[in-house]
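>>> Pasting the sequence and the predicted coordinates here, then a few questions.
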Amino acid sequence: MNERGHVVLFQEKFHSWDDALEAFALFRKAEGYSERTIKDYRYHVTRFFKEYPQAWNPQDAGKTRMAVLSFLGQDGISPATFNIRRKYLKAFFSWLIDEGACTKNPLDGIGARKAEPRIVQHSAEVLEKLLKLPDRSTYCGKRDYALLCLSIDTAIRPGEALSLTIEDVDLKDMVVLVRASVSKTRKSRTLPFSIETTKAIQALVMARPKEWETPLLFTNHEGQKFTLSGWTQRLKKHYAPKLGLKKLSPYDLRHDAALHFLRNGMNPFALQAIMGHSNLETTKHYIALVEADIREAHEAASPVKKLLGSKKRVR
């Protein structure tokens, strides 16, 4: 409590939220968090304090709590956006408590919202056409083709794929290592791929100019890192229109891979391991969609329905 009777939330360890955020980012980096995750922390924490500068108030915890409630209660935000904001802010304030710079987490008692996952699926015909689109006479075309093959063949996360080095890929054994340092779950995993993907990656590596020193597997035309935003724009503007699609994202390819794995008979537990899901609950979202396909197919082809004819149900 201060002299005015307000609960003191922040101790005098950091002069501002900017200082605290910088220290938090360094801490997460030391823990092995990926650059993408740390960037997300920076974005959401900065956005919160930019919109609610009064939230960093050493003299009144109530104002911080109200700012949090206002930020999370903004009109029009989806459950997914709500959960993301809640997740990053709660982690930031929890760290402040561990550092002795904060006495209470203003997000205590605020639960997550139930959000239905957005799973995009494309037919085998669309994916087959997509794989024929890259101009493999050019370096960028070879890169796009190899990245498409790898994405659909392994269900690898886009950020993980774009962080791969040449040494992460074993063309002889046809496997790729997703290192813990680039994995979203911070756990390494090894993903097998097909001979077709092997040939695509091999062609990409052979097309690289010898003077390029970068170890990254996927680069832009100048030998620099091929960013997720660059890949997103490439799919959206260069390939989606040719397929008659309004949009196509790197993550759509991961969803497509998962659904086609299941439809082709893959064990759900094997799919969980390949996709790097921490538990089977996330994988079950894909299983549910495939089960819906089975129900629809059964409804259309049921032998008993054909033999006896459709009858009106009596309750």
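Structure's in. What do you need?
>>> got the residue ranges for the helices in the protein?
For the chain, applying DSSP state H gives helices covering 17-30, 35-51, 61-72, 79-98, 124-131, 139-154, 158-161, 195-206, 228-233, 240-243, 250-263, 268-275, 280-301, 303-308.
>>> Export those helices as CSV, with columns for mean pLDDT and mean neighbour count.
For every residue, glycine as well, the C-beta is placed using N, CA and C. Putting the helices of the chain into CSV (pLDDT from 0 to 100; neighbours: other C-beta atoms under 10 Å) gives the following:
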stretch, mean pLDDT, mean neighbour count
helix 17-30, 93, 16
helix 35-51, 92, 16
helix 61-72, 91, 18
helix 79-98, 92, 17
helix 124-131, 94, 14
helix 139-154, 96, 22
helix 158-161, 94, 21
helix 195-206, 96, 17
helix 228-233, 94, 15
helix 240-243, 96, 14
helix 250-263, 90, 21
helix 268-275, 86, 16
helix 280-301, 69, 13
helix 303-308, 69, 9
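>>> Determine which of those helices approaches residue 213 most closely.
The stretch from those with the least distance to residue 213 (C-beta to C-beta) is helix 195-206; that distance is 14.3 Å.
>>> which other helices and strands contact the closest one?
In this structure, helix 195-206 packs against helix 139-154, with contacts taken as 3 or more C-beta pairs under 8 Å, 6 or more residues apart in numbering; DSSP states H and E.
>>> So for residue 155, what's the pLDDT?
At residue 155 the predicted local confidence, pLDDT, stands at 92.
>>> which ones are touching it?
Listed by C-beta atoms under 8 Å, 6 or more residues apart in numbering, the contact set of residue 155 reads 254, 257-258, 261, 271, 274-275.
>>> Using CSV, please lay out the helices of the chain together with distance to residue 177.
Compiled in CSV, these are given as follows (distance: least, C-beta to C-beta, whole Å):
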stretch, distance to residue 177
helix 17-30, 22
helix 35-51, 18
helix 61-72, 38
helix 79-98, 28
helix 124-131, 24
helix 139-154, 11
helix 158-161, 10
helix 195-206, 13
helix 228-233, 20
helix 240-243, 31
helix 250-263, 18
helix 268-275, 13
helix 280-301, 21
helix 303-308, 47
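>>> roughly how far is stretch 34-52 from the heart of the chain?
The chain centroid and the centroid of stretch 34-52 are separated by 16 Å, computed with C-alpha atoms, centre = their mean, to the nearest Å.
>>> How about stretch 140-152?
Centre-to-centre, stretch 140-152 and its host chain are 19 Å apart (C-alpha atoms, centre = their mean).
>>> Give me the residues contacting it.
Identification of contacts with stretch 140-152 by C-beta under 8 Å, 6+ apart yields 127, 130-131, 134-136, 156, 158, 161, 176, 193-194, 196-197, 200-201, 203-204, 207, 218-221, 226, 231, 234, 239, 250, 253-254, 256-257, 260.
>>> sorry, back to before: of all the helices of the chain, which one is nearest residue 168?
Counting by C-beta to C-beta, and looking across all of those, nearest comes helix 158-161 at 9.7 Å.
>>> what residues does that closest one touch?
Counting by C-beta under 8 Å, 6+ apart, the neighbours of helix 158-161 from elsewhere in the structure are 34, 36, 147, 150-151, 178, 182-184, 218, 228, 231, 250-251, 253-254.
>>> okay, which residue is most central for this protein?
The central residue of the chain, meaning the one whose C-alpha is nearest the mean C-alpha position (C-alpha atoms, centre = their mean), is residue 157 at 6.3 Å.
>>> Can you give me the distance of that residue to residue 64?
Residue 157 sits at a distance of 34 Å from residue 64 (criterion: C-beta to C-beta, to the nearest Å).
>>> still on that earlier bit, what distance do you get for the residue nearest to the centre of the chain to residue 108?
When distances are taken as C-beta to C-beta, residue 157 and residue 108 turn out to be 31 Å apart.
>>> pLDDT wise, what is the spatially closest residue to residue 218 that is not a sequence neighbour at?
For residue 218, the nearest residue in space outside its immediate sequence neighbours is residue 226; the separation is 4.5 Å by C-beta to C-beta, 6 or more residues apart in numbering. On the pLDDT scale, residue 226 is placed at 95.
>>> Might one say that residue 226 is in contact with residue 162?
Yes - with contact taken as C-beta atoms under 8 Å, residue 226 and residue 162 are classed as touching, separated by 5.8 Å.
>>> Can you check which residues contact both of these two?
Both residue 226 and residue 162 are in contact with 216, 218, where contact means C-beta under 8 Å, 6+ apart.
>>> now, among the contacts of helix 158-161, which is nearest to residue 78?
Among those, residue 251 lies closest to residue 78 (C-beta to C-beta), at 15.9 Å.
>>> OK, contacts around the closest one?
The contact partners of residue 251, taken as C-beta under 8 Å, 6+ apart, are 120, 157-158.
>>> Ok, which of the helices of the chain comes nearest residue 104?
Each of the helices of the chain was scored for nearness to residue 104 using C-beta to C-beta, and the closest is helix 61-72 (6.3 Å).
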